[in-house]
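Asker: dropping a prediction and its sequence here:
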Amino acid sequence: MAEKIKIAIYWAAGCGGCDVAILDTNEKILDIAEAADIVLWPIAMDYKYEDLYALEQGSIDVCLFNGAVRTSEQEEMAKALRSRSKIMVAFGACAAWGGIPALANLFEREEIFKSSYLDTQTTINPEKVIPLTKCKVPEGELTLPRFYNRVWTLNQVIDVDYYVPGCPPTPETIWTAIEAIVSGNLPPKGSVIGSLKSLCDTCPKEKTEKKITEFKRPYEVMIDPNKCLLEQGIICCGPVTRDGCGHRCINANMPCRGCYGPSEKVADQGAKLLSAIASIMDVKDEKGAQELAATWEDPAGTVYRFSLAKSLVFDYKKGGE
Amino acid sequence: MEKNFEPVIVGFLCNWCSYAGADLAGVSRMQYPPNLRVIRVMCSGRVEPSFILKAFQEGADGVLISGCHIGDCHYVDGNIKTLRRTPLIKTLLSQLGVEEERFKQTWISAAEGEKFAQVVKAMVEEIKRIGPFKKQAEEESDDFDDKAYGLMIEAAVTIEGGNIDG
Ligand code: SF4
Ligand code: SF4
Ligand code: SF4
Ligand code: FES
């Protein structure tokens, strides 16, 4: 390969799992190092803000950005990386659709702080101290980034070129994306680099069009490993989730939680799943429908487990539009 | 709350019953408020949950879905689909912070012009009472309400060394 491409890998409101997933590509990581110069990677290399600001506009070929945007610092980093990168990739569920952190959008910031800093059983905080953006202490004033009232996806804050699905993406998914980037053989801007099918399309479990009479959680059922989990009353996100993970959960007889995000042409993963599930409810009157619906704990957290920030009601650019 | 707030309500009405019911209300000159933006659909079962969320995203203050009475659907069981979705959508919306007044689903036949006018009127009144639908966390609300946290700020300042990261 003639010239090595320059890659930056960054993390924001995430768990670090996406960075670890890149390391998990095992010996392939060496191939990545062969094809690319990693100019910035906080989890693996020492770096300071100045190092990033010292880089010229457009000097990074590709930025793999994992994690969502919850604080002002993360937004600033996203913007600084955007202006320095030719291709910006939302890497993993958090950056692409909000991921697990965005489930906190079901609550207000005040409730989150109250719960995290005051109410939890394991918290000892008699002075009721909570983080503030500014605080005077004997040594002077301390500052912290602002904690926004909600979690934003990367593309609600900056322009994103590509998406890599998964929480975290599998080594195969990562490798496919890196190969596409290095070879320049990329789909149209705005695409998810992944399969066009849904998980159900490739799922080996037997489907019989059976309707359900009760919503159950996995521990409440003796699961028949050969049959579709949804038809056994366990909510599975397979019908609306992008294929490509190798059925990691399904193979362990756990339902798909939807971490590969909405499948192609599905605009709103949660709304679509709600609709799919309604269609297999075995009820014919309003009372029956209400009773059956009531057996489902936490529909929003289930259908939007990884994409709540992209639910249509929450999907708009930060700062208006 | 804004003065003279006129809510925008998106109404998905099925062609065969509710739309005809709305039409009847119109031709019979029944009085009902002009806040409803009607979208005619072939069957209430065609209204996917994403349409409802989309309406809120686009700035609606309320959404009404109305179809034929059970047993009267032109496509036999399209409204059974609606009936199954409705309780799920209600729970979903409330979890997403959309007040229950903002979403209604009814059955209105072609002969029920009067009922149609009533439903719209009641919905407009309820939404006027709760105010416009607000998107979550617009930029301005990003700063803390210092009053609510006044006590805690003092606590943070007075403790030794200012251990503020909790
Ligand atoms: S997508 Fe999953 S693995 Fe990646 S940062 Fe978010 S929570 Fe962690
Ligand atoms: S719903 Fe789940 S278990 Fe059933 S076919 Fe789809 S992916 Fe497989
Ligand atoms: S089965 Fe679903 S939740 Fe599990 S890894 Fe695959 S896409 Fe993610
Ligand atoms: S045609 Fe009216 S509800 Fe189906």
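Answerer: Looks like it came in fine. Since we're looking at a predicted model, the values are computed, not measured. Ligands and ions are numbered 1, 2, ... in the order given.

Asker: where does A:Ile29 land in three-state SS?
Answerer: Secondary structure state of A:Ile29, per DSSP: H, G, I helix; E, B strand; the rest coil, is helix.

Asker: tell me the contacts of it?
Answerer: When contacts are counted by CB atoms under 8 Å, 6 or more residues apart in numbering or on different chains, A:Ile29 is found next to A:Ile22, A:Leu23. Heads up, the C-betas are built off the backbone N, CA and C, glycines and all.

Asker: what does the one 10 residues further on give?
Answerer: When the contact criterion is CB under 8 Å, 6+ apart, the partners of A:Val39 are A:Lys6, A:Ile7, A:Ala8, A:Leu55, A:Ile60.

Asker: what of A:Pro187?
Answerer: Neighbouring residues of A:Pro187 by CB under 8 Å, 6+ apart: A:Tyr162, A:Ala180, A:Ile193.

Asker: ok, now with 10 Å
Answerer: In this structure, A:Pro187 makes contact with A:Tyr162, A:Ala180, A:Ile193, A:Gly194, judged by CB atoms under 10 Å, 6 or more residues apart in numbering or on different chains.

Asker: against ligand 4, how distant is it?
Answerer: In this view, A:Pro187 and ligand 4 are 39 Å apart by CB to the nearest ligand atom, to the nearest Å.

Asker: measure that residue to chain B for me?
Answerer: The spacing between A:Pro187 and chain B, counted by CB to the nearest CB, to the nearest Å, is 24 Å.

Asker: over to A:Glu56?
Answerer: With distances taken as CB to the nearest CB, A:Glu56 is found 30 Å from chain B.

Asker: B:Glu114: neighbour count?
Answerer: B:Glu114: 15 surrounding residues under other CB atoms under 10 Å in any protein chain shown.

Asker: phi and psi next, for the closest residue to A:Ile130 other than its chain neighbours.
Answerer: By the measure of CB to CB, 6 or more residues apart in numbering or on different chains, the closest residue to A:Ile130 outside its immediate chain neighbours is A:Tyr117, 4.6 Å from it. Reported as degrees, to the nearest 10, the phi and psi values for A:Tyr117 are phi -100, psi -10.

Asker: just to check, A:Tyr117 is in contact with A:Phe147?
Answerer: No - at 11.2 Å, A:Tyr117 does not count as touching A:Phe147 under the criterion of CB atoms under 10 Å.

Asker: joint contacts of the two?
Answerer: Listed as contacting both A:Tyr117 and A:Phe147 by CB under 10 Å, 6+ apart are A:Ile130, A:Pro131.

Asker: and the strands in chain A?
Answerer: Along chain A, counting by DSSP state E, strands occupy A:5-11, A:36-40, A:60-66, A:69-71, A:85-91, A:134-137, A:140-143, A:147-152, A:162-164.

Asker: out of those, flag the one nearest ligand 4.
Answerer: Closest approach to ligand 4 among the strands of chain A (CB to the nearest ligand atom): strand A:147-152, 36.2 Å.

Asker: and that closest one, anywhere near ligand 1?
Answerer: No - Strand A:147-152 lies out of reach of ligand 1 by CB under 6 Å from any ligand atom, never closer than 11.0 Å.

Asker: same question, stretch A:177-194
Answerer: No - figure legend: stretch A:177-194 not in contact with ligand 1 (CB under 6 Å from any ligand atom); closest approach 13.7 Å.

Asker: so is that stretch next to ligand 3?
Answerer: No - Stretch A:177-194 stays out of contact with ligand 3 when judged by CB under 6 Å from any ligand atom, the minimum separation being 10.3 Å.

Asker: show me the residue sitting in the middle of chain A in space.
Answerer: A:Ala93 (1.8 Å; CA atoms, centre = their mean).

Asker: roughly how far does it sit from B:Val119?
Answerer: From A:Ala93 across to B:Val119, the span is 41 Å (CB to CB, to the nearest Å).

Asker: go through stretch A:49-68 and flag the buried ones.
Answerer: Buried residues in stretch A:49-68, defined by neighbour count with 16 or more other CB atoms under 10 Å in any protein chain shown: A:Leu52, A:Leu55, A:Ile60, A:Asp61, A:Val62, A:Cys63, A:Leu64, A:Phe65, A:Asn66, A:Gly67, A:Ala68.

Asker: check these one by one and keep those near ligand 3.
Answerer: Cross-checking the buried residues of stretch A:49-68 against ligand 3 (CB under 6 Å from any ligand atom) gives no overlapping residues.

Asker: pipe the residues you listed into JSON lines and attach pLDDT per row.
Answerer: Conversion of those to JSON lines gives the following (pLDDT from 0 to 100):
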{"residue": "A:Leu52", "pLDDT": "91"}
{"residue": "A:Leu55", "pLDDT": "93"}
{"residue": "A:Ile60", "pLDDT": "96"}
{"residue": "A:Asp61", "pLDDT": "95"}
{"residue": "A:Val62", "pLDDT": "95"}
{"residue": "A:Cys63", "pLDDT": "97"}
{"residue": "A:Leu64", "pLDDT": "97"}
{"residue": "A:Phe65", "pLDDT": "98"}
{"residue": "A:Asn66", "pLDDT": "98"}
{"residue": "A:Gly67", "pLDDT": "98"}
{"residue": "A:Ala68", "pLDDT": "98"}
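
Asker: close to ligand 3: what parts of the stretch 151-300 of chain A are there?
Answerer: The stretch 151-300 of chain A has residues A:Leu199, A:Thr241, A:Cys245, A:His247, A:Arg248, A:Cys249, A:Ile250, A:Cys256, A:Arg257, A:Gly258, A:Cys259, A:Tyr260 near ligand 3, with proximity defined as CB under 6 Å from any ligand atom.

Asker: next one: the residue nearest to A:Ile130 from A:Val303, what distance?
Answerer: From A:Tyr117 across to A:Val303, the span is 30 Å (CB to CB).

Asker: all strands of chain B, in order?
Answerer: Shown for chain B, the strands assigned by DSSP E span residues B:9-14, B:36-41, B:62-67, B:103-107.

Asker: could you say which of those is packed most deeply?
Answerer: Looking across those with neighbours counted as mean count of other CB atoms under 10 Å in any protein chain shown, the highest average goes to strand B:62-67: a mean of 28.

Asker: so which elements touch that one?
Answerer: In this structure, strand B:62-67 makes packing contacts with strand B:9-14, helix B:18-27, strand B:36-41, helix B:49-57, helix B:78-95, strand B:103-107, helix B:113-130, judged by 3 or more CB pairs under 10 Å, 6 or more residues apart in numbering or on different chains; DSSP states H and E.

Asker: any chance of those in JSON lines with mean pLDDT and distance to ligand 3 as columns?
Answerer: Formatted as JSON lines, the entries for the helices and strands packed on strand B:62-67 read as follows, by pLDDT from 0 to 100; distance: least, CB to the nearest ligand atom, whole Å:
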{"stretch": "strand B:9-14", "mean pLDDT": "97", "distance to ligand 3": "32"}
{"stretch": "helix B:18-27", "mean pLDDT": "89", "distance to ligand 3": "39"}
{"stretch": "strand B:36-41", "mean pLDDT": "96", "distance to ligand 3": "32"}
{"stretch": "helix B:49-57", "mean pLDDT": "96", "distance to ligand 3": "20"}
{"stretch": "helix B:78-95", "mean pLDDT": "97", "distance to ligand 3": "20"}
{"stretch": "strand B:103-107", "mean pLDDT": "98", "distance to ligand 3": "29"}
{"stretch": "helix B:113-130", "mean pLDDT": "96", "distance to ligand 3": "37"}
